[in-house]
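>>> can't give you the sequence, but here's the structure:
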């Protein structure tokens, strides 16, 4: 029905197997998507809602008949921030478009959420619009088959190119940005820095010297939160700007199986940096969680926390008194002149290709990707970095720690994290970085192990050259 | 015709169960053999022969995974047998609060496994967990139960034992209760004491219960995943990976064909160990 490319027997087997093997997963969360868009047309208001200049719905249907009430569904992940962003966007959009109702549904975050989305797509039960990561995770969704191509939407002109490249597959764009960018780097406690007379490091050697001084003074130099093992990847991933500075073609070569972590000195350095941090972390780093790490940083129990800037709203909310004690710098490289920041892109809003309400979904995306939409997002979600929509500005009251990122953006010293410009990211990286960060595995060994992990993924994705 | 009908009609009662079994067990089993040889995205698949098996066997954590799986199964199985038997004997003896104690022992079996895992990983927190703060009160500095790679697997096994013991005990209670009174009467006439009763009657005559517990606990241990995942996620690093967690990680990464191949391998691994074990145990069983 919906997959003309498949052979008939293949399709029968796939559908049958999906139903059988995945029915259990869906049992708890089967949604009812389009249930009530026919009954309420009697009292539909004729008001023309699409007056916004950014919205781009085709006009022919509006003039010929009175506007019907339409309900579209939206899928977002269940984190507090994502839910409140979705709610604010939906409320603002509905106020401007009274004929469109958006029902929001949530899903788990993380890899369980990835499988949730994939399962929904494969059973044809996806919501009309869904928020999901840009970059390699989007590419794993088989965009050409599942996601509506929005390359020719007028709002694309307002979206900056570095975002577009992260939602591009085979030359077509599939998503609209839903939030600000994030930086990956090092948070530091300014009070500790002032007490010990330290300065913000420009090179890795300076950073390690700072770490040593902090440790010698009896404080925790680096906060480790390996109970949530993904946090162990940060030092390695946030180093990508430095990799790119030394080896500009690394992402392309790496995707094409021409460059390896183990054999590219600049890339291997990312693992070596992680290895050098062994011994500087808090005593319970294997049992500490992200939340306790944020708390330690805010309360000054640890000096450094290598992390993404998405934790800023949490600090602002839970420890508002100490938000101004927290600073941020990009992960230093070995050369002070080449210092820049690795950027995690905004997640994106996508339209399900087989949606019944594509026009309304497009209107919603156009609203999100406008300066107005970003302003709405900014009212409920502290920006974690600059927006990627032209004309969208950060609120004036953003904490200094966010402003710490601006110089890197203003001087163009940014690079997207590798997972946004290459479809491959080995699934075992977090286990490998835990091993390196605990001193169980040497950097060189870890790099070649990771190369094998990446090879496995590239083969599963069926990439050329592997 | 009527003769055939008469001879076979009892089997027709099996049909509903057989059909359900066929659809939800046999069919997926055979389909998984097929999908283990494909690159599979849930929507589309392409046949790639034994590549998935090759890839799975090259998995770097597989050695430690097999080793951990075996250790975990053996340890949990042994402790469930020993403690299940002891508790079974205790709870069939003439004690007054028998029914209450039976409920207490069975209680952990009723709690959600995930909840148990989360609860114990909190209790085992190295600095703030109840276990180590209690030890600290007595001046003992407890280890990092789940972070120390040398003991993490055993910590998880301990929780599994805690949770599984009620089930083993129930099987033992049933086995011990089914021993006919005459044996005890004969023992009394011969003047045997409690030790003789245990060693010469209960132990040999509850062998079928022992066999059930061994087989169930061992297979359960080989496939174990649900306690381990919330507690350690196979970590730190790869230290507590078992085969099931390696498979789950492939599934999480979206390698559905590869994960299915892993499941086929696990299926064969369990079969190769469990069938001979079951055969061996059943041969030594005695009839009451």
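Thanks, I have it. Keep in mind the model is a prediction, meaning the values are calculated, not measured.

>>> which strand residues bridge residue A:132?
residue A:348 (DSSP bridges).

>>> what's the burial count for it?
23 (other Cβ atoms under 10 Å in any protein chain shown). Using the backbone N, CA and C atoms, a C-beta is placed for each residue, glycine as well.

>>> wouldn't it be in contact with residue A:140 here?
No - shown here, residue A:132 and residue A:140 do not form a contact pair, counting by Cβ atoms under 8 Å, at 10.3 Å.

>>> quick one: residues contacting residue 227.
No chain specified, so I'll use chain A. A:286-289 (Cβ atoms under 8 Å, 6 or more residues apart in numbering or on different chains).

>>> switch to chain B, that's the one I care about
Per Cβ under 8 Å, 6+ apart, neighbours of residue B:227: B:113, B:116-117, B:156, B:159-160, B:163.

>>> same question for residue B:117.
B:159, B:226-231.

>>> between these, which is nearest residue A:162?
Nearest to residue A:162 among these, counting by Cβ to Cβ, is residue B:229 at 37.0 Å.

>>> so which residues on the stretch 101-250 of chain B come close to chain A?
B:125-129, B:144, B:146-147, B:149, B:233-238, B:249-250 (Cβ under 8 Å from any Cβ of the partner chain).

>>> any of these buried? List them.
Burial by neighbour count, 16 or more other Cβ atoms under 10 Å in any protein chain shown: within these this picks out B:125-126, B:129, B:144, B:146-147, B:149, B:233-238, B:249-250.

>>> mind checking which of the residues you listed are in strands?
Taking DSSP state E, every one of those sits outside strands.

>>> tell me which helix or strand comes right after the strand or helix carrying residue A:433.
In the assignment (DSSP states H and E), residue A:433 maps to helix A:429-437. The first helix or strand that comes after helix A:429-437 along the chain, using DSSP H and E, is helix A:443-461.

>>> what parts of the stretch 251-400 of chain A come near chain B?
A:283-284, A:286-287.

>>> let's see the ChimeraX selection covering just the buried ones among these.
In ChimeraX, a selection of the buried entries from those looks like this (16+ other Cβ under 10 Å):
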select /A:284,286,287
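
>>> nearest to chain B, of the residues of the stretch 251-400 of chain A next to chain B?
Chain B lies nearest to residue A:286 out of these, by Cβ to the nearest Cβ, at 3.1 Å.

>>> just confirm residue B:258 is within a helix.
Yes - the assignment for residue B:258 is a helix, going by DSSP: H, G, I helix; E, B strand; the rest coil.

>>> what sits against it?
A:456, A:460, B:52, B:55-56, B:250.

>>> check residue B:38 too.
Counted by Cβ under 8 Å, 6+ apart, residue B:38 has contacts B:45-48, B:52, B:257.

>>> just want the residue of the stretch 101-250 of chain A that's nearest chain B.
Counting by Cβ to the nearest Cβ, the stretch 101-250 of chain A gets nearest chain B through residue A:122, at 3.8 Å.

>>> hang on, isn't that residue packed against residue B:43?
Yes - Residue A:122 sits in contact with residue B:43 when judged by Cβ under 8 Å, with a separation of 4.7 Å.

>>> which stretches of chain B have low pLDDT?
B:1, B:285-288 (pLDDT under 70).

>>> tell me, what residue is most central in it?
Centre of chain B computed as the mean C-alpha position; nearest residue by Cα atoms, centre = their mean is residue B:220, 2.1 Å away.

>>> pretty sure that one sits in a helix.
Yes - counting by three-state DSSP, residue B:220 falls inside a helix.

>>> got the contact list for the closest residue in space to it that isn't next to it in sequence?
With Cβ to Cβ, 6 or more residues apart in numbering or on different chains as the criterion, residue B:220 has its nearest non-adjacent residue at 7.1 Å, and that residue is residue B:164. By Cβ under 8 Å, 6+ apart, the residues touching residue B:164 are B:76, B:80, B:109, B:217, B:220.
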